[in-house]
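>>> from the sequence below, what's the structure:
(chains A, B and C)
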Amino acid sequence: MGIKINKDLCTGCQSCLSVCNYGGITIINNVAAITDECTLCGACVEACPVGAIEIEMEEIATEGVDVSQYRGVWIIGEHYNNKIQNVVYQMVGKGRELADKLQVNLTVVLLGSKLEEELKELSQYGVDEIIYVKSPILKDYCTELYVNILTDLINKHKPEIVLIGATPIGRDFAPRISKRLNTGLTADCTGLDIDTKTRNLLLQTRPTWGGRIMATIRTPHSRPQMSTVRPGMFKIPEKIEKQPQIKKIEMDINEKDIITKIVKIIKKEKKQINLEDAEIIVAGGRGVGSKENWKIIEELAKKLNAEVAGSRVAVELGWIDQDRQVGQTGKSVAPKLYIACGISGAIQHRVGIQCSDIIVAINKDPNAAIFEMAHYGIVGDLHKVVPALIEELKRLKSEEELKK
Amino acid sequence: MDFSITKKQQMIRKITREFAETYIAPVAEESDKNSQLDPNVFKLIKEMNYFGICIPRKYGGAGLHNDTISFAIIVEEIGRVDASWAITVGVHCSVVAYPLYIFGTEEQKQKFLIPLATGEKLGAFALTEANAGSDAAGIETSAVLDGDEWVLNGSKIFATNGGIAKTLLVAAKTGQRGRKSIFSVFIVDTDTKGFSVGVKEDKLGVRASNTSELVFQDVRVPKENVLGGVGNGYQIVLKILDFGRILIAAQCVGLGQAALEASVKYANEREQFGRKIGKFQGIQWKIADMGCAIESARLLTYKAAYMCDHGMDYGLASSMAKLVASEAAMQATHYAVQIHGGYGLMKAYQVERFFRDAKVAEIYEGTSEIQRMVIANRLLRQTF
Amino acid sequence: MKVFVCIKQVPGVAEVKIDVTTGKLIREGVPSIINPVDKHAIELALQIKEEQGAEVIALSMGPPQAEEALREALAMGVDKAYLLTDKEFAGADTLATSYTLALAIRKILQESEKNEKYLVICGLQAIDGDTAQVGPELAEELNIPQITYVQKIEFKGDKIIAESALRQDEVMVMETRLPALITVLKEINIPRFPTLIGIVDAYEKKEVVYLDTRQLNADKRKIGLTGSQTQVWKIFVPQQKGEHIKLSGSVKEMVKQLCQYLKEDKIL
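I've put the predicted structure just below:
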């Protein structure tokens, strides 16, 4: 098994070298050769213009599943403190789209105890079916119960796609289920689509290398195709008139059977803000200059009803709290509008904001990297631009009020 | 012929670099400003076993006594972020602990070497005097035998680590043979009565490293504290200096490397006339010259270390290494300041400190002129 | 007690640059490192050893050069190290990786005293793949309980009590019993640097044991590319959306223009 090079066909053109991310291929005596670093990702196979590279798979009889038996798109609903998490609604929007392409049902599965009110809300977003497993013990998350119950349900109903929020909880139980079912799981997807041209496979796109590279991943031979979905990537859909079928399963679970127990849940002292869900973010970096100057960032945010965030430097200099740091070592955000003030745009920061719809950059250095990705760039001193922007926003607001 | 370093040496380089960048680099500027070594870094360096690099395990060291290349690599990597720490650690290891290991009696090793190698005590080597600099044979500090003790009188200047050391190696005159002085090396505990630290020098470069005057007034040292036998001082001092020059060479390689890296970074960032200054030939030539000089210095340094580890006479090699490396560091830091332009003069940019640190290296442990004399003398005596 | 630490060697990604035209990572001169959070896993294992005695065993699956990562773990103070390396392991996704790691852990347990309790520690996720899946899948394969996102841990006899960051605004304190697997966050500790003595010992006194398909008696259907259910279909550099407009004019004009654009984009 491995990558095979047809030496007669290979022209030594080096096309394969440039697509390999692992240093897994090299050219020796004008012919491509595979090195120890090869991970068999297959990028070189596709890149070869003369078809000289093949992936050779050892023919080992695998207990393949009959993929045609599997139908339907499932979303596993995460909740806590009796509140269904936003990512579930976001997945419903995307899940609907996938289910429609496949012409199958969209199902949300919830494991909980007092979610009746939440079910009413969830029912308004175009779901075909809700499976509600109810037990007092399911009030809080429990790895074992989620894995046991969901694996049984999946085995029984055989959905072809299972989507789970890529929250810590989702990423805690999803891998165990995939392992128990011996099926593929793709982590932290930012894009999902159906490859309708071929076998209706789920195309799961996700960032790797801290967002420097995107990979699209498929699960061809096993079912269900499982993905965890990054929160904030998909829009919550509009409400529609359509009542889903609700299947309620009451379960009797003995607490004694559970090995891993929650001892207690402690509220974190500081109020956590959810930058990931923010619609507008105003962020500042080194260029702001001082804690005193930071006030104009806050003022602009207030005017826009936005959350305030900072680059790593801003956090390190103590201008803003760590939980408002955006970037590789902080949060990845996906607002509709991201305004970067005095942020030069190191790759680590850019990675964290690449999912923003619109990026505005204000920086006095015309060569700052942030301008490469900004949709609107203003080269200028933020200490002049930001106050001017605040004034303009005030003016626009009063203009609007006058119209009314 | 093999120019590659071993996996173990690679790991030592990698870890030392990470350590130096994590803990030493952030306080280097402050230490330079205050002429003071950071006590926290001191503690960490001790934990890392860097005070016992060239000493066997049984004397509390790291066991790299046959791996001088590793010693050079460590000094180089520390020197890459802070020349002051490189000289502090290097002097302790190469001209105090290592000679004690090579020339010391078992008793001396038990008593003095172990606390040095574990970093409990810091060492200094007291040789230079006001009237005996390059001409080390002219030292006037005297030692006179009185019963079972030697009585030391005199004063030493410019002793690296002098003011903060607990164990000293002191060269003192113990006799006269015709017109020639005979001297010996003594192990002196700084707690001994009659010893005191004089002026702490305020220097141009390696400012954080301690350089002090040491005063001996009727300092009584037991007989068993003579290192390598009475009257053998001259030979021992020469051997100590042979090894010490590898330290300075390695420190300079690190310093030059730092100047090169800072210059490359700056040349790739700074734009003038619409392009990166690294695109201009004037800058390119400087970068090329820096790279060549540093690499030559590195090879000579490792070669001297290699010869030392293989029992070869490495005196000439270490002189060449010290000369070439200190001048390479001077040239590289000089160019680095030039490449940085006005910013190169500013304290906020490290190259300003590098430049000052490099100048010291052309002077201590034998000036460039002395090295040239030594090298020339050897070459003129050599048959090819 | 045995404490297993699973580590991965990754390219020092902070230094990895991308050639935008080809989408290729420029790997030249990029050093390989221990996946950063895995160092915290090693540190935790060493602290457990120091506090209550345990044998700490590091495991890694990867090409032969991953030996360096294990040597570094040994230099930090790990007792034994195993490198799972074989051409047939190449192309493994998390399912195949967790299967292979589990084989090694079972093999080591079989060779040690019966019913010895053990703990497996993994870093939360690797910086190259960012999946966070190998830990839980390994726990499933070994059929032991897990606590993930651990930021603090305490032992009470056979039980462990861990603080987990499973919820964003709350700390979940969980209890389980050994054997168990935990995945840890960077917040849990500050990893130590290997001392010089540690490094010398790692090369002169300790060894890295190589295990291949045959020695692990691995089922070929479950390892490497064959044992992987996910397939990388395409790799590309993320496209930045939209056009890039640099505004010009006086500050006032630029600000006006910006608000105009944002209105057109239906944001204001």
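>>> contacts, neighbours, all on C-alpha from now
OK.
>>> what does chain B put close to chain C?
Contact residues, chain B versus chain C (Cα under 8 Å from any Cα of the partner chain): B:8, B:11-12, B:15, B:19, B:47-50, B:53, B:62-63.
>>> in which helix or strand would I find the closest residue to chain C within the stretch 251-384 of chain B?
Taking Cα to the nearest Cα, chain C has its nearest neighbour within the stretch 251-384 of chain B at B:Lys265, 13.8 Å off. Applying DSSP states H and E as the criterion places B:Lys265 in helix B:233-269.
>>> cool, and A:Pro207?
Using DSSP H and E, A:Pro207 falls in strand A:201-208.
>>> which strands and helices sit next to the helix or strand just after that strand?
Next along the chain after strand A:201-208, taking DSSP H and E as the criterion, comes strand A:213-218. With contacts taken as 3 or more Cα pairs under 8 Å, 6 or more residues apart in numbering or on different chains; DSSP states H and E, strand A:213-218 sits against strand A:201-208, strand C:231-236.
>>> which residues are contacting the helix or strand just after the shortest one?
Proceeding C-terminally, strand C:231-236 gives way to strand C:245-247 as the next helix or strand, assigned by DSSP H and E. Strand C:245-247 is contacted by residues A:374-379, C:254, C:257-258 when judged by Cα atoms under 8 Å, 6 or more residues apart in numbering or on different chains.
>>> residues contacting A:Asp252?
So A:Asp252 contacts A:Ser135 (Cα under 8 Å, 6+ apart).
>>> that's a helix at it, yeah?
No: applying DSSP: H, G, I helix; E, B strand; the rest coil, one finds A:Asp252 to be coil, outside a helix.
>>> tell me the spacing between it and B:Cys292.
Applying Cα to Cα, to the nearest Å, the value for A:Asp252 to B:Cys292 is 77 Å.
>>> which residues in chain B form helices?
With DSSP state H, the ranges of helices along chain B come out as B:7-19, B:25-34, B:39-47, B:68-81, B:83-92, B:98-103, B:106-108, B:114-117, B:233-269, B:281-309, B:315-340, B:350-361, B:368-381.
>>> what about B:Gly342, neighbour count?
9 (other Cα atoms under 10 Å in any protein chain shown).
>>> oh, that last question was meant for A:Val19, not what I typed.
Counted with other Cα under 10 Å, A:Val19 comes out at 23.
>>> so it touches A:Val45, yeah?
No: counting by Cα atoms under 8 Å, A:Val19 stays clear of A:Val45, with 9.7 Å between them.
>>> show me how the chain divides into domains.
No chain was given, so I picked chain A. A:2-56, A:67-255, A:275-403 (automatic domain parsing).
>>> let me rephrase: I mean chain B.
When chain B is cut into domains by automatic domain parsing, you get B:7-122, B:124-233, B:235-381.
>>> let me have those in a markdown table, extended by distance to chain A and mean pLDDT.
Supplementary listing: the domains of chain B in a markdown table, determined by distance: least, Cα to the nearest Cα, whole Å; pLDDT from 0 to 100:
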| stretch | distance to chain A | mean pLDDT |
| --- | --- | --- |
| domain B:7-122 | 14 | 97 |
| domain B:124-233 | 26 | 94 |
| domain B:235-381 | 10 | 95 |
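>>> can you list the ones you listed in a markdown table and add distance to C:Asp201?
Listed next are the domains of chain B as a markdown table, based on distance: least, Cα to Cα, whole Å:
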| stretch | distance to C:Asp201 |
| --- | --- |
| domain B:7-122 | 10 |
| domain B:124-233 | 29 |
| domain B:235-381 | 20 |
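>>> so which of those comes closest to C:Gly198?
When the domains of chain B are compared by Cα to Cα, domain B:7-122 sits nearest C:Gly198, at 8.8 Å.
>>> span of the closest one from start to end?
End to end - Cα to Cα - domain B:7-122 spans 30 Å.
>>> and stretch A:24-35, by the same measure?
Termini of stretch A:24-35 sit 5 Å apart (Cα to Cα).
>>> next: stretch B:126-143.
Start-to-end, stretch B:126-143 (Cα to Cα) is 14 Å.
>>> so where is the chain shaky, pLDDT-wise?
No chain specified, so I'll use chain A. A:1-2, A:21, A:41, A:56-64, A:198, A:210-212, A:269-273, A:404 (pLDDT under 70).
>>> oops, chain C please
For chain C (pLDDT under 70), the answer is C:13-29, C:238-243.
>>> the longest strand along it: partners in the sheet, and parallel or antiparallel?
As assigned by DSSP state E, the longest strand anywhere in chain C is strand C:146-156. Strand C:146-156 sits in its sheet next to strand C:159-164 (antiparallel), strand C:180-184 (parallel), going by DSSP bridges.
>>> would you indicate which residues of that strand are buried?
C:146-153 (16 or more other Cα atoms under 10 Å in any protein chain shown).
>>> okay if I get those residues as JSON lines plus distance to A:Gly318?
Shown next, in JSON lines, are the buried residues of strand C:146-156 (distance: Cα to Cα, whole Å):
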{"residue": "C:Gln146", "distance to A:Gly318": "36"}
{"residue": "C:Ile147", "distance to A:Gly318": "33"}
{"residue": "C:Thr148", "distance to A:Gly318": "30"}
{"residue": "C:Tyr149", "distance to A:Gly318": "26"}
{"residue": "C:Val150", "distance to A:Gly318": "27"}
{"residue": "C:Gln151", "distance to A:Gly318": "24"}
{"residue": "C:Lys152", "distance to A:Gly318": "26"}
{"residue": "C:Ile153", "distance to A:Gly318": "29"}
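>>> what would the residues of chain B next to chain C look like in a markdown table with neighbour count?
A markdown table is the format used below for the residues of chain B next to chain C (neighbours: other Cα atoms under 10 Å in any protein chain shown):
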| residue | neighbour count |
| --- | --- |
| B:Lys8 | 19 |
| B:Met11 | 22 |
| B:Ile12 | 23 |
| B:Ile15 | 20 |
| B:Phe19 | 20 |
| B:Glu47 | 17 |
| B:Met48 | 22 |
| B:Asn49 | 21 |
| B:Tyr50 | 26 |
| B:Ile53 | 32 |
| B:Ala62 | 26 |
| B:Gly63 | 20 |
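>>> which ones are touching C:Met61?
C:8, C:83-85, C:97, C:101.
>>> tell me the SS of the residue lying closest to A:Cys355 once chain neighbours are set aside?
Residue nearest to A:Cys355 in three dimensions, not counting chain neighbours: A:Ala334, with 4.8 Å by Cα to Cα, 6 or more residues apart in numbering or on different chains. In three-state terms, and counting by three-state DSSP, A:Ala334 is coil.
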